[in-house]
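>>> sequence isn't available, so here's the structure alone:
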């Protein structure tokens, strides 16, 4: 077999039809070559995926690649072979749509590992950037968690001091007292400065430098007096606030303990959760520092490259279209051939299929006739068997009836003989009882010859000579089926 014919057979062409249409050999051989090329691209894609992404041994990667190439070849061959010409072009189009969709899916799967391999240098650099960003994000989250843990630990420590009684709360620590103290300190500073200026003016060492009680002194003295009044008011407010806070502290000592006992479990629970989160973040930080180079990370890196660079996006799209076109080529070529003029190969194949259909119908009719004849033969055979069984049963019934008749007649004869024998015995007994001996009887034909008499049951017997022929004879009868007995 030549290479051309071998490639044609790979494309699904029928050898018997190609012998009648050698002009179509090149077209089908080219289709077989395209199918092999597609399978080779698929195998190469699988090899890159196994070695680059999964980092499998070369022997395993080669075996997986060969297997995947065979799968791609069989799928493409199935798509091409199952696309047959129909009478309607629209029907051809709609029938081909699912096959085109499946080819698109296969092409997409094949193209991804190849594109990743082509962009591998850029993807590696982007993976390093992604690792640095991941470490930074993890550090920020870790620091935030540690800060929150520090705050909760301080709160926990304070609550424990309150519960143990070591925490002493004073009025000076109260916010209201602190605010009143600030007002008082500011008023004191203001008054001190105003009094200094008034005294300086009075001494003539500053201001107008005129010694004595002048107009300037009186003005500054009024300002100092006003500041003194504010200071007195601030001192009074501070004392009142301090007294009020001291009273509140005294009244709320037990309340603080209760509040601390209620708050402490919640704080400790939050601390446990945050510490666990901090440990997880630390582990994630180690993993981020080690770097994630899996398939998903590479796809994400490729997306970042194509999104941030217009040239990268265009190159990625064009490569995807290239490998997709390679996968779609057999299906598209087959689809276009369905819209063109019917070739000699297609015509011969169609006629052969139609002839096969006619032959199938003829064989189906023959099989149906044979089945009918076999059914009729089985029916006749069964009918004959039933008729023979009926005749046998009738013959058996007749034989049984004949035998039963013979048995009945024989029984009657035996009974008759027994009855006669018994009657003779009874008659002998009667003769002996009534006559005394058996002698010659008159027959009406001469002396010395016995005379015969008839018994009522039909038996014949001798009447002795000198006996009364009209004497009463015993009558033989059967009682309850027993042996016949005379009836005197």
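Done, it's in. Please read all numbers here as calculations on a predicted model, not as lab measurements.
>>> C-terminal to the helix or strand harbouring residue 44, what's the next element?
When elements are assigned from DSSP states H and E, residue 44 belongs to helix 25-48. Next in sequence after helix 25-48, counting helices and strands by DSSP H and E, comes helix 58-81.
>>> returning to that earlier point: who are the packing partners of the helix holding residue 44?
Secondary-structure packing of helix 25-48 (3 or more C-beta pairs under 8 Å, 6 or more residues apart in numbering; DSSP states H and E): helix 3-10, helix 58-81, helix 89-118, helix 310-339. Where you see a C-beta, it was placed from the backbone N, CA and C, and this is true even at glycine.
>>> could you chop the chain up by domain?
The chain breaks down by automatic domain parsing into domains covering 3-118+309-340, 135-290, 355-487.
>>> out of those, which is the most enclosed?
Between the domains of the chain, domain 3-118+309-340 has the highest mean count of neighbours, a mean of 17, where neighbours are mean count of other C-beta atoms under 10 Å.
>>> redo the helices and strands packed on helix 25-48 as CSV? Include mean pLDDT.
Listed next are the helices and strands packed on helix 25-48 as CSV, based on pLDDT from 0 to 100:
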stretch, mean pLDDT
helix 3-10, 83
helix 58-81, 88
helix 89-118, 80
helix 310-339, 80
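>>> and residue 219, which of those helices is closest to it?
Closest to residue 219 of the helices and strands packed on helix 25-48, according to C-beta to C-beta: helix 310-339, at 77.1 Å.
>>> ok, the nearest residue to residue 207 once chain neighbours are set aside - contacts?
The spatially closest residue to residue 207, leaving aside those adjacent along the chain, is residue 201, at 4.2 Å (C-beta to C-beta, 6 or more residues apart in numbering). Residue 201 is in contact with 207, 208, 214, 216, 217, 220, counting by C-beta atoms under 8 Å, 6 or more residues apart in numbering.
>>> and the angle from the top helix by length along the chain to helix 25-48?
In the chain, assigned by DSSP state H, the helix with the most residues is helix 344-434. Calculated by axes from the mean of the first three to the mean of the last three C-alpha atoms, to 10 degrees, helix 344-434 forms an angle of 80 degrees with helix 25-48.
>>> pLDDT (mean, whole number) over helix 344-434?
Taken as a whole, helix 344-434 has a mean pLDDT of 81.
>>> and it, what does it pack onto?
helix 15-20, strand 475-477, strand 485-487.
>>> ok, back up a step: what about the helix holding residue 44, distance to the chain center?
35 Å (C-alpha atoms, centre = their mean, to the nearest Å).
>>> and it, average pLDDT?
Helix 25-48 comes out at a mean pLDDT of 86.
>>> quick check: residue 133 vs residue 60, distance?
Per C-beta to C-beta, to the nearest Å, residue 133 is found 34 Å from residue 60.
>>> again, but for residue 89
47 Å.
>>> check contacts around residue 13.
24, 25, 28, 32, 345.
>>> which one of the contacts of residue 201 is nearest residue 267?
residue 220 (56.6 Å).
>>> and the angle from the one helix or strand residue 131 maps to to helix 89-118?
Counting by DSSP H and E, the element that carries residue 131 is helix 120-164. Put simply, helix 120-164 runs at 70 degrees to helix 89-118, going by the same axes, to 10 degrees.
>>> and whichever helix or strand comes after helix 120-164, average pLDDT?
Elements were assigned by DSSP H and E; along the chain past helix 120-164, the next helix or strand is helix 175-203. For helix 175-203, the mean per-residue pLDDT is 86.
>>> from the middle of its chain, how far away would helix 175-203 be?
85 Å.
>>> next structured bit after it?
helix 215-251.
>>> tell me how far that next one is from the chain's mean position?
Centre-to-centre, helix 215-251 and its host chain are 83 Å apart (C-alpha atoms, centre = their mean).
>>> quick thing: my sequence starts at 33, can you match it?
Let's use 33 as the start, then, which means that last one is helix 247-283.
>>> can you list the weak-confidence ranges in the stretch 233-382 of the chain?
280-289, 292, 317-325, 372 (pLDDT under 70).
>>> try it again at 90.
Within the stretch 233-382 of the chain, the ranges that satisfy pLDDT under 90 run 233-256, 259, 263, 266, 270-382.
>>> a markdown table for the domains of the chain, including distance to residue 328?
Below are these laid out as a markdown table (distance: least, C-beta to C-beta, whole Å):
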| stretch | distance to residue 328 |
| --- | --- |
| domain 35-150+341-372 | 10 |
| domain 167-322 | 14 |
| domain 387-519 | 52 |
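>>> check what pLDDT residue 479 gets.
39.
>>> hmm, back to that, now the residue nearest to residue 239: how far from residue 219?
21 Å.
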